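A.B. asks: quick one, fold the following:
(one chain, ligands or ions: 2)
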Amino acid sequence: MMGAVNKPVVGIIGTGAIGGFYGLMLARAGFDVHFLLRSEFSAVAEHGLRVDSAVHGALTLSPVQAYSSAEDMPPCDWLLVGAKTTSNAGLAPSIIQAAKPGARVLVLQNGLDVEDSLRELLPDSLHLLGGLCLICVHRDAPGQITHQALGAVNIGYHSGPATDDAARMAIVEEGAGLFRAAGIDSQAMPNLHQARWQKLVWNIPYNGLSVLLGASTTPLMADVDSRASIQALMAEVVQGAKACGHDMPPGYAEYLFLMTEKMPDYWPSMYHDFLHKRPLELEAIYARPLAAAKAAGCELPRIEALYRNLGFIDRRNA
Ligand SMILES: NC(=O)C1=CN([C@@H]2O[C@H](COP(=O)(O)OP(=O)(O)OC[C@H]3O[C@@H](n4cnc5c(N)ncnc54)[C@H](OP(=O)(O)O)[C@@H]3O)[C@@H](O)[C@H]2O)C=CC1
Ligand SMILES: CC(C)(CO)C(=O)C(=O)O
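C.D. replies: Residues are numbered from 1 along each chain as shown. Ligands and ions are numbered 1, 2, ... in the order given. Below is the predicted model:
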């Protein structure tokens with residue numbers, strides 16, 4: 001499975017804020033990293049990647065092994081999917097093209113069951129994993145990324161040839177090892193579905209309210225009514241997760257609420273999509289959790305109302 005210097009060859013499928021940040025960190029740690037790009041291909045091929053990080057300082061990668069087509073990429077051991085969930089189905093041919101036999105495909109995205117639609121399109125021989133990124137990054141210009149805070153990636157196994165728990169955890173640990181080797185905190189998650197629900201306790205309130213109210217985290221946390229909305233939405237996510245069989249750790253919503261008060265002012269990635277008239281990740285972050293909770297007999301009216309309002313905004317913005 002390994003590349004020339006006994007380090008896995010890594011392919012980044014979708015080099016935006018997440019793909020660019022983690023790809024650059026892995027490349028600087030000595031991994032052989034290949035970046036698939038779309039609109040920013042020429043800029044990155046010419047000028048490289050730059051991350052202005054509040055944690056690691058100003059980092060650059062130049063030259064970048066950049067590609068506009070997966071057909072030109074070498075076979076990769078690990079493929080990190082950094083595109084938005086709205087692009088997943090269209091990316092399957094690129095993933096298959098760039099994958100070595102038995103490759104590990106790690107989907108670095110927010111939302112519930114985001115791996116399911118890809119799984120149907122990938123050969124059974126590929127391992128599919130999900131990664132929950134706890135990080136604040138965004139693109140400022142082609143190839144230029146700002147990293148404001150945090151950085152961990154927590155990984156769980158979704159599906160593939162590893163059939164027993166020990167084999168799955170070995171692959172998850174291998175993935176966590178890649179990130180740790182690049183100085184990034186990474187934990188193995190024994191239950192990916194639970195981990196995805198847990199992440200939604202933050203994304204459901206803040207991503208949606210940032211678009212609906214046109215506000216970043218600092219003003220959202222400063223106003224009595226938006227604070228109450230955030231807490232009520234968080235409580236509904238916890239309720240939905242419980243109905244689906246996932247109890248959150250005690251005090252988890254309060255922990256995230258307090259963490260956000262300490263974070264620098266932050267515009268969630270959904271707001272950047274709204275600003276740039278890109279489709280919003282509504283299916284992954286709202287529709288699927290709502291449907292899963294409903295199937296378990298649990299209505300989530302506040303989340304449903306937020307989702308309907310965002311649907312209107314998304315269609316109007318298209
Ligand atoms: N940003 C953050 O801080 C966090 C983001 N996340 C999640 O991570 C995921 C990625 O978010 P983020 O990095 O912010 O998104 P970005 O919009 O910054 O990056 C997405 C990238 O994917 C590229 N892409 C899409 N389709 C293709 C394609 N067919 N071929 C090649 N490249 C493609 C886009 O290219 P193009 O420019 O051409 O559109 C873009 O570079 C999302 O699910 C998000 O919710 C999770 C935690 C934190
Ligand atoms: C802000 C943070 C850290 C919340 O978990 C995040 O990861 C996101 O924007 O999705």
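A.B. asks: contact residues of the stretch 151-300 of the chain facing ligand 1?
C.D. replies: 269, 281 (CB under 6 Å from any ligand atom). Where C-beta positions appear, they are placed from N, C-alpha and C, glycine not excepted.
A.B. asks: neighbours of residue 298, how many?
C.D. replies: When neighbours are defined as other CB atoms under 10 Å, residue 298 has 16 of them.
A.B. asks: what do you get for residue 222?
C.D. replies: Residue 222: 11 neighbours (other CB under 10 Å).
A.B. asks: for the chain, name the helix or strand with the lowest mean pLDDT.
C.D. replies: Least confident helix or strand of the chain, by mean pLDDT, DSSP states H and E, is helix 116-119 with a mean of 94.
A.B. asks: now whichever helix or strand comes after it: mean pLDDT?
C.D. replies: Using DSSP states H and E, the helix or strand that follows helix 116-119 towards the C-terminus is strand 127-141. Averaged across strand 127-141, the pLDDT comes to 98.
A.B. asks: for strand 127-141, buried residues please.
C.D. replies: 127, 128, 129, 130, 131, 132, 133, 135, 136, 137, 138, 139 (16 or more other CB atoms under 10 Å).
A.B. asks: downstream of it, the next helix or strand is which one?
C.D. replies: Heading C-terminal from strand 127-141 (DSSP H and E), you reach strand 144-159.
A.B. asks: name the helices or strands packed onto the next helix or strand after that next one?
C.D. replies: Per DSSP H and E, the first helix or strand lying C-terminal to strand 144-159 is helix 165-181. Helices and strands touching helix 165-181, by 3 or more CB pairs under 8 Å, 6 or more residues apart in numbering; DSSP states H and E, are helix 17-28, strand 99-108, strand 127-141, strand 144-159.
A.B. asks: list the buried residues in helix 165-181.
C.D. replies: Neighbour-count burial for helix 165-181 [16+ other CB under 10 Å]: 168, 169, 171, 172, 174, 175, 176, 178, 179.
A.B. asks: if we can go back for a sec, most tightly surrounded among the helices and strands packed on helix 165-181?
C.D. replies: helix 17-28 (a mean of 25; mean count of other CB atoms under 10 Å).
A.B. asks: and that helix, does that touch ligand 1?
C.D. replies: Yes: under the criterion of CB under 6 Å from any ligand atom, ligand 1 is reached by helix 17-28 at 17, 18, 19.
A.B. asks: now tabulate those in a markdown table and tack on distance to residue 35 and pLDDT.
C.D. replies: Formatted as a markdown table, these follow (distance: CB to CB, whole Å; pLDDT from 0 to 100):
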| residue | distance to residue 35 | pLDDT |
| --- | --- | --- |
| 17 | 13 | 98 |
| 18 | 12 | 98 |
| 19 | 7 | 98 |
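A.B. asks: about what we covered before: elements contacting the least confident helix or strand of the chain?
C.D. replies: By 3+ CB pairs under 8 Å, 6+ apart, helix 116-119 packs against helix 88-98.
A.B. asks: list the buried residues in the helix it packs on.
C.D. replies: Buried residues in helix 88-98 (16+ other CB under 10 Å): 88, 91, 92, 94, 95, 96, 97, 98.
A.B. asks: adding distance to residue 286, write the helices and strands packed on helix 165-181 out as TSV.
C.D. replies: Compiled in TSV, those are given as follows (distance: least, CB to CB, whole Å):
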stretch	distance to residue 286
helix 17-28	20
strand 99-108	18
strand 127-141	17
strand 144-159	21
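A.B. asks: how much space between the closest residue to residue 144 other than its chain neighbours and residue 67?
C.D. replies: In this structure, residue 144 finds its nearest non-sequential neighbour in residue 50, 5.0 Å apart by CB to CB, 6 or more residues apart in numbering. Using CB to CB, to the nearest Å, residue 50 is found at 19 Å from residue 67.
A.B. asks: for ligand 1, give me its nearest residue in the chain.
C.D. replies: For the chain and ligand 1, the shortest gap (CB to the nearest ligand atom) falls at residue 16, measuring 1.7 Å.
A.B. asks: what sits against that residue?
C.D. replies: Counting by CB atoms under 8 Å, 6 or more residues apart in numbering, residue 16 touches 82, 83, 84, 139.
A.B. asks: do residue 244 as well
C.D. replies: 193, 197, 292, 293, 296, 298.
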